[in-house]
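> Next come a sequence and a model predicted from it.
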Amino acid sequence: MSHSNPLFRRISDLMYQLGPARYYQPAYAQIAQAIGLDDGVFLDVGCGPGWLCVHVGGGKPHVDAIGLDTSEQMVTYARRNKGPRLNVTIRKMDAMDIKFPEGTFDVAAAVQSAHHWEDTTRVLSEVHRVLKPGGRFLIYEAESGRSDVPTGWVERKRGWPPDSVVINGWKRFGMDDAEWAELEVKVRGVGFSNVVRDVHGFYRRMTLTK
Ligand SMILES: C[S@@+](CC[C@H](N)C(=O)[O-])C[C@H]1O[C@@H](n2cnc3c(N)ncnc32)[C@H](O)[C@@H]1O
């Protein structure tokens, strides 16, 4: 799903930056910990406000974290959010046409981005191309059927957001069983192996190896 109306897009990007991007901070920290990169090059596909890059690269001088996003507005937010970190770079770029050479990245991740891709197979084959042999790609999407918020994954200020708001976001934008099954066919089709599907916090996760 993607928003072609520019005004709608601007408003939804702003709401994401002010809402989920803030209250998902513990989730980004958990994902960064699972990625566990101390040395190497990381790609965030559809980085939005850039927080995963900040968590992956923050305090890790031997990590280069690169986020790409098609939205000018998200790129602006991400560049602001990364602050002075020199090892975090944000590029305005379409994941269907990644301007990096083959075998650049050790690890790639896409969080809540896959459901937006206009041509999923094209994005998957581009990520496959730019990963090093043996490189990992982690795809995270909220579970649309989930009805509880796991402890330690969402930050609340004075009780906001309540569970209902968080869960409603997953219902609207998460992926269901059929979408995951379709994605699995596509990842295998572009050459990924060791496809592992599990649950991490409130996300469903697919971990792939080149
Ligand atoms: C819901 S946001 C999630 C952002 C971020 N990953 C996070 O978890 O905070 C999805 C992002 O994917 C980006 N996106 C969608 N399709 C894309 C593509 N083909 N190339 C790059 N970015 C894309 C959108 O612009 C949007 O910023």
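In hand now; what should we look at?
> Could you measure from the spatially closest residue to residue 126 that is not a sequence neighbour over to the ligand?
Nearest non-adjacent residue to residue 126, counting by CB to CB, 6 or more residues apart in numbering: residue 98, 4.6 Å away. Where you see a C-beta, it was placed from the backbone N, CA and C, and this is true even at glycine. Distance of residue 98 to the ligand, given as CB to the nearest ligand atom, to the nearest Å: 9 Å.
> for residue 116, same thing?
According to CB to the nearest ligand atom, residue 116 and the ligand sit 4 Å apart.
> hey, where'd the helices end up in the chain?
6-18, 20-23, 25-35, 51-57, 72-81, 120-130, 163-173, 177-189 (DSSP state H).
> List the neighbours of the fifth one that are in contact with it.
Taking contacts as CB atoms under 8 Å, 6 or more residues apart in numbering, the residues outside helix 72-81 that touch it are 9-10, 13-14, 16-17, 21, 47-51, 53-54, 67, 69, 90-92.
> ok, which of the residues you listed also contact the ligand?
For the ligand, the contacts drawn from the contacts of helix 72-81 by CB under 6 Å from any ligand atom are 16, 21, 47, 48, 49, 51, 69.
> List just the nearest of these to residue 131.
Checking these against residue 131 with CB to CB, the nearest one is residue 47 at 16.5 Å.
> Sounds good, over and out.
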